[in-house]
Every structure is written in structure tokens, then in C-alpha cells.
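Q: sequence plus predicted model, see below.
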Amino acid sequence: MEKPDLMEKIISLAKQRGFIYPGSEIYGGLANSWDYGPLGTELKNNIKALWWDMFVRQREDMVGLDAALIMNPMVWEASGHVSNFNDPMVECKKCHERYRADHVKGDSCEKCGGELTNPAQFNMMFRTHLGPVEDERNVVYLRPETAQAIFVDFKNVLQTSRKALPFGVAQIGKAFRNEITPGNFIFRTREFEQMEIEYFIPAPKDDKDWEEPFKAWVKEMHEWIKACGINPGKVHEFDVPKDELAHYSKKTIDFQFDFPFGKDELYGLAYRTDFDLKNHFKEAPYKTESGEAFWPHVIEPSLGVDRTLLAVLASSYHQEEDREVLRLTPKLAPYKVAVFPLMRNKPELVAKAQTIYQDLRQKFMTAWDDRGNIGKRYYSQDQIGTPFCITVDFTTLEDSTVTIRDRDTTRQVRIKVGELEGYVREKLN
């Protein structure tokens, strides 16, 4: 089990260094609302870019989609969300605090000890209205998942991409769930971002026909975990019991992670059968070259961007005797390299360092830092996970060499200025 204050350290570092801020902070905040700062935005974008490159651009059997947040409400009726997307809720009769019934230990309120009501079903979709008049005729919902747009657009994607089964459609986007008890920093929020794939396969003739591609996606999920630097030793597969499966699922594996607050779901992999396409299409939407028509079945790898980022921070955070360091995998680090002049009051050093900085920033995300002494600059860059720090000193002016320091080992080597780009690029790859 992690040290009990690890979460607080991560939250403090995230705010201090511009990864994540409390939302609406100057107005007292908004419960469990978070804003991504400059470095958090870079880290988040790097996670999404790595996922998109790995699962879309590098695969011939995958295409992308970017669908609208608000859809025709009939979509959510057909998908079963209007009737089934519920959590059991209990309320304290004394202080009126509300909890998810399956998250409560015991039969009394955790806040005041009061008696709890019997569980009642609470639909988690956000309702709003389309147009100037607010009545039941123009009720719409903010989407609670990105998946349904992929199903609704299935025939359009099929016709325009000319893909044949098996193939997948990937999407990254925001989703909204009116969670009863959000919490644990960015782990459970009402507004979050998903990276989802609906992978369509032929209608199985027996279990083996879906189990094999399902196993292949289990392997792909572990490859992703490795690629983004999440500690694989803290990841556990949990086969969700049949009586706990979502209404659309025949089999689901939760990839759980040992977060600082305990083990909880990081990702999900579900076999959704043909449930969704059959609900949206009265006639079979896929035809083989021989003319056979059927509803494809679906395997869904579902990954949260925010939970990925939290797992990445928890995996990479280390506190050593004299420094805090984020050992981010270099591909995800907000800055790949930082450039320092040894002394900020020596114009010739600053000028040379600026020349190197301006050149490198055209190739990599590069930080400039001339504040304080070199030790403090190293400490600062270690905190935000910058893999390499370059120092321009008086020897640089004589032989055009610089020192480059490795974040993880703290070792320094001296190389030619002209070799910097190749050196950094090789290390990043």
C-alpha cells in the first residue's frame, strides 16, 4: 500500500507546477471540478496523441471519428441509457448528504452518523434543453459516453471508408455523467474525456470467434499500459461477474490499478455482442460480398484520459532525499529538454544558450530557464518530468560543447552542439 500522503503530494505538485488546478477556484471552486494548466494540457495532449498514433495511425484496420456531444435523444432511448443508466442512491435523513449505495459501508451516514434512506435509482445523464423553450419536447442529453455516436454512424463510416470486417472506429472526446459521489482528485469527475474503440467483428458462430479477438485486445491494452509508462506491477485484471455486467455486455474485464487511495478501475474491455447495432438498425447494416447481411458484433476497449493521466502521475512520482522527480516516459513529458545559461548575468552565455534554445524549440517542446542556480533549475525540471537539461557554460564558447543531464540517472555527458538534436531524438525514441 502506498504512503497515505502520496495523493496529497501529487495534488500539491500538480497545482504548484501547472498540471492541474481546482476549477473556478477564485469563486470558491465547484465540487470536483478541475482545470488542466499549461503542463497538464501538454501531458494530456501527449497521452491522446500517443493513443491515436498507436491505435489509429499505425493500424490499417482502424479509422477515426469526432462526433457531436449532443445527439438526438432517441439515441439514448434506443441504447438503453434512459432506462438503464442508473446508480443506486441513498440519502441521509439528518444532513441530506447523498451517496452511491454500493459505495457506503454500513447503514449510517459517513458525515453525521444519521440514518440512510432505502436505495433509489438515479439516472446519471445530464439533461438540458435544445432551443429557447424549456419543456419536455426539447429535452436533450449531454452524452454519457462516446460509443453511441460510433454505432449511429456505423453505416456512414462503412460506406465512406470502405473497410471490411474486422475493423475498428476510434474516438477521443468528452463525456458527462452526473455522478452521485465524485472524488479522489481527477479519478471520478462529472466531466471527463474518453479514448474509445468499437472494434467490429463478424457475427460469431461459436464463442471462439469472439474470444480470440477479445484476447488480442487484452494484449493490446497491456501494450498500451507499457507504452505510456504506467507501472504494470500495479495493474490487475478483474473479470466482472455476470450479475454485475452492464446491460449491453456479455463479458467485461476491468483493468484495475493500485492508485494511492486504493485499487480501482483504470480501463475496461467489453464484449458488447450485437446489442447496440441491433438497437439502432432495424435492418442488418453489414453485407458481405456474397450478399449475406448481418449485425456485426463489437469488442470495446474503453480508456479514460483523466484516469490515464492520474495513473501516469502515480507511477512516475518519486521523492528522493534531495528532489521530487516525475519519471515520465519521454514521449509523454510536457518538455523534452530544457536549456540553461550557466549564469544569467553573462551576456555571451545567454546569447549562446538562446541560439541553442531557439533551434531546439523548432524540433521539440523546449523549456528556457535562467532563474536561480543550476541546482534549483535541475530540481524544477525534475519536478515536471523534463528528461534532459542542457547547460551552456564558458567551455561552450571555446569548443561548442554543452553538458546534457539525464533526469533519471542525473549523469551528465558533454557533446557537440551540432549533435544535440540527434542525441535527444535517439533518447526519446
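A: Thanks, I have the structure now. Numbers count the residues shown, from 1 in each chain.
Q: so what's R414 up against?
A: By C-beta atoms under 8 Å, 6 or more residues apart in numbering, the residues touching R414 are T395, T401, V402, T403, I404. Backbone N, C-alpha and C define where each C-beta goes, glycine included.
Q: same check, this time on L309
A: Applying C-beta under 8 Å, 6+ apart, the residues near L309 are G40, L43, K44, I47, I186.
Q: what do you get if the cut-off is 10 Å, keeping everything else the same?
A: For L309, the contacting residues are 14, 19-20, 36, 40, 43-44, 46-48, 186, 193, 228, 332, by C-beta atoms under 10 Å, 6 or more residues apart in numbering.
Q: which residue lies nearest the spatial centre of this structure?
A: Ranked by distance to the mean C-alpha position of the chain (C-alpha atoms, centre = their mean), the top residue is V305 at 1.2 Å.
Q: just the residues contacting the helix or strand of the chain with the lowest mean pLDDT, thanks.
A: Least confident helix or strand, the chain: strand 120-123 with a mean of 72, by mean pLDDT, DSSP states H and E. Applying C-beta under 10 Å, 6+ apart, the external contacts of strand 120-123 come out as 81-91, 98, 100-101, 141, 144, 178-180.
Q: distance between it and the chain's centre?
A: Here the centre of mass of C-alpha atoms in strand 120-123, compared against the chain's by C-alpha atoms, centre = their mean, to the nearest Å, lies 27 Å away.
Q: can I assume the residue nearest to the centre of the chain is in contact with W52?
A: No - under the contact definition of C-beta atoms under 10 Å, V305 does not touch W52, with a separation of 11.3 Å.
Q: tell me the one among the contacts of R414 nearest to Y357.
A: Y357 has its nearest neighbour among those in V402, at 11.2 Å by C-beta to C-beta.
Q: for the closest one, give me its contacts.
A: By C-beta under 10 Å, 6+ apart, the residues touching V402 are 339-340, 342, 352-353, 356, 390-393, 395-396, 412-417, 419-420.
Q: switch the cut-off to 6 Å
A: Neighbouring residues of V402 by C-beta atoms under 6 Å, 6 or more residues apart in numbering: I390, V392, T396.
Q: any idea which helix or strand carries it?
A: Under the criterion DSSP states H and E, the helix or strand holding V402 is strand 401-406.
Q: pull out the buried residues from that strand.
A: Buried residues in strand 401-406, counting neighbours by 16 or more other C-beta atoms under 10 Å, are found at T401, V402, T403, I404, R405.
Q: and the contacts of V402, which of them are in helices?
A: With helices taken from DSSP state H, the overlap with the contacts of V402 comprises T396.
Q: so which of the contacts of V402 wins on neighbours?
A: The most neighbours of any of the contacts of V402, using other C-beta atoms under 10 Å, belong to V392, which has 27 neighbours.
Q: CA atoms only for the strand holding V402, dumped as CSV, please.
A: What follows is strand 401-406, C-alpha atoms only, in CSV (Å, rounded to 0.1, in the frame of the first residue of the first chain):
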residue,chain,number,x,y,z
THR,A,401,30.2,21.6,-26.5
VAL,A,402,27.5,21.5,-23.8
THR,A,403,26.6,19.4,-20.8
ILE,A,404,23.4,17.4,-21.1
ARG,A,405,22.0,15.8,-17.9
ASP,A,406,19.7,12.8,-17.7
